[in-house]
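Undergrad: Below is the sequence, then the predicted model.
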Amino acid sequence: MSSELLHGVTLSPLTMNRDNRGHLTEIYREEWYAAARPCQWNVSRTKANVLRGVHVHYKHLDHVVVIDGRLSVGLYDARPRSPTYRKAVLFEITGDRLSTLRIPVGVMHGLYAHEPTLQIYGVDAYYDVEDELQCHWADPALGIPWPCRDPELSERDKAPVSLAEAQAQLIALNPGLA
């Protein structure tokens with residue numbers, strides 16, 4: 001398991017302007033994003049021991065900021081043309097040190113909440129349920145060493161396909177990734 005991020009994935013620390021009252025932090029500036037600018041923002045409040053994913057998008061990328069709490073982020077590169085193809089990483093992001101995580105098209109991702117967590121995320125294309133392909137979070141082919149054994153999952157995340165099937169769907173829907 002690599003400790004470095006996958007090709008095209010960025011984790012950018014944000015400047016937290018702190019004083020004795022708290023902090024003010026810019027989480028988005030149009031000038032930070034040359035091309036893929038978010039057009040929709042969402043808020044997600046997650047209970048402890050919940051795992052969301054593993055998902056992959058063939059049309060849009062995600063911009064994630066954890067506002068409060070702690071997430072383990074598991075990523076797997078499903079893009080055959082990428083220099084980090086078939087590599088996986090696992091790392092944490094927290095609300096204590098605000099950062100923006102950018103996940104490009106073709107990178108599978110899952111988010112595990114260690115504690116109640118509040119996050120916002122932007123997407124560069126409007127939500128479309130068809131653009132969310134899934135794979136089982138514990139598929140051994142992913143190689144992600146999740147810090148949990150029995151997380152709470154959505155009904156949709158309980159019965160996804162294997163990594164191989166999800167990757168085949170991804171390439172069929174976005175041949176430019178192959």
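TA: Done, it's in.

Undergrad: tell me the residue furthest from the middle of the protein?
TA: Each residue of the chain has a distance to the centre, and by C-alpha atoms, centre = their mean the biggest one is for N20: 32.3 Å.

Undergrad: Retrieve the pLDDT associated with it.
TA: Turning to N20, the model gives it a pLDDT of 93.

Undergrad: who touches it in this structure?
TA: Listed by C-beta atoms under 8 Å, 6 or more residues apart in numbering, the contact set of N20 is empty. Bear in mind the C-beta positions are built from the backbone N, C-alpha and C, glycine included.

Undergrad: cool, W146 as well?
TA: Counted by C-beta under 8 Å, 6+ apart, W146 has contacts L51, S72, G74, L90, G110, Y112, W137, A138.

Undergrad: where does it fall, phi/psi-wise?
TA: As for W146, its main-chain torsions (degrees, to the nearest 10) stand at phi -60, psi 140.

Undergrad: how long is stretch 59-76 end to end?
TA: Chord length of stretch 59-76, first to last residue, is 17 Å (C-alpha to C-alpha, to the nearest Å).

Undergrad: Fine, thanks again, bye for now.
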